[in-house]
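In: next come a sequence and a model predicted from it.
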Amino acid sequence: MRLQSAIFDMDGTLLDSMPIWRDLGTSVLRGLGIEPEPETSEMLKTLSLRHGIAYCKEHYHLPQTEEELIGRVVDRVADFYQHEVQAKPGVDKFLSLLKMEGVWMYVATATDRPLAEAALRHAGIDHYFRGLITVAEVGVGKKESA
């Protein structure tokens, strides 16, 4: 039986994007002129965006509002996806082979659509996919607690 279609996760599967998520909190803190404590990255991994922001604001006595800090996080991620992200090694060749075989390919991601589209475009692999769906569009995903 021939493979007819495939759905790919984006971050960490198609794109070498996990480092941005692993170091995002410490990167934003450094951008504010603060050297984070060594355990900060590990601790932030366990928190939602809002809880991580609240923790950093309180722990590092940040004068910015939570919304301003979220804006900095979003801006950093957008910059990475638009200008830095790369496809994982071998992805382009693999997708090319699947396309030659007539496989219809799609991307499913938790990343917001504009950022996902920018990332795939910057990595040079957007042309392989017939469609993209995000968790926001289907109404599922991690729930943020206030």
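Out: Perfect, I can see it now.
In: CA atoms for contacts and neighbours, from now on please.
Out: Fine.
In: so which bits of stretch 102-109 are buried?
Out: Buried positions in stretch 102-109, judged by neighbour count with 16 or more other Cα atoms under 10 Å: 103-109.
In: just put those in JSON lines and tack on secondary structure.
Out: Conversion of the buried residues of stretch 102-109 to JSON lines gives the following (DSSP: H, G, I helix; E, B strand; the rest coil):
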{"residue": "103", "secondary structure": "coil"}
{"residue": "104", "secondary structure": "strand"}
{"residue": "105", "secondary structure": "strand"}
{"residue": "106", "secondary structure": "strand"}
{"residue": "107", "secondary structure": "strand"}
{"residue": "108", "secondary structure": "strand"}
{"residue": "109", "secondary structure": "strand"}
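In: which of those residues sits closest to residue 25?
Out: Among these, residue 109 lies closest to residue 25 (Cα to Cα), at 21.0 Å.
In: which phi and psi does residue 11 have?
Out: Dihedral angles of residue 11 (phi, psi; degrees, to the nearest 10) stand at phi -70, psi 120.
In: what number of residues lie near the residue lying closest to it once chain neighbours are set aside?
Out: Closest residue in space to residue 11, ignoring its immediate chain neighbours: residue 17 at 5.5 Å, by Cα to Cα, 6 or more residues apart in numbering. Per other Cα atoms under 10 Å, the neighbour tally for residue 17 reads 21.
In: swap in the one 4 residues further on?
Out: Applying the criterion other Cα under 10 Å, we find 13 residues in the vicinity of residue 21.
In: ok, now residue 98?
Out: The local packing of residue 98 (other Cα under 10 Å) involves 18 other residues.
In: cool, and residue 121?
Out: Neighbour number of residue 121 under other Cα under 10 Å is 17.
In: let me know the helix or strand that it is in.
Out: In the assignment (DSSP states H and E), residue 121 maps to helix 113-122.
In: just the C-alpha atoms of that helix, please, in PDB.
Out: Taking Å, rounded to 0.1, in the frame of the first residue of the first chain, the C-alpha atoms of helix 113-122 are listed here in PDB:
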ATOM      1  CA  ARG A 113      -0.400  30.500  11.900                       C
ATOM      2  CA  PRO A 114       1.500  33.700  11.000                       C
ATOM      3  CA  LEU A 115       4.600  32.500  12.900                       C
ATOM      4  CA  ALA A 116       4.300  29.000  11.500                       C
ATOM      5  CA  GLU A 117       4.000  30.300   7.900                       C
ATOM      6  CA  ALA A 118       7.000  32.600   8.400                       C
ATOM      7  CA  ALA A 119       9.100  29.800   9.900                       C
ATOM      8  CA  LEU A 120       8.400  27.300   7.100                       C
ATOM      9  CA  ARG A 121       9.000  30.000   4.500                       C
ATOM     10  CA  HIS A 122      12.300  31.100   6.100                       C
END
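In: I am finished for the moment; much appreciated.
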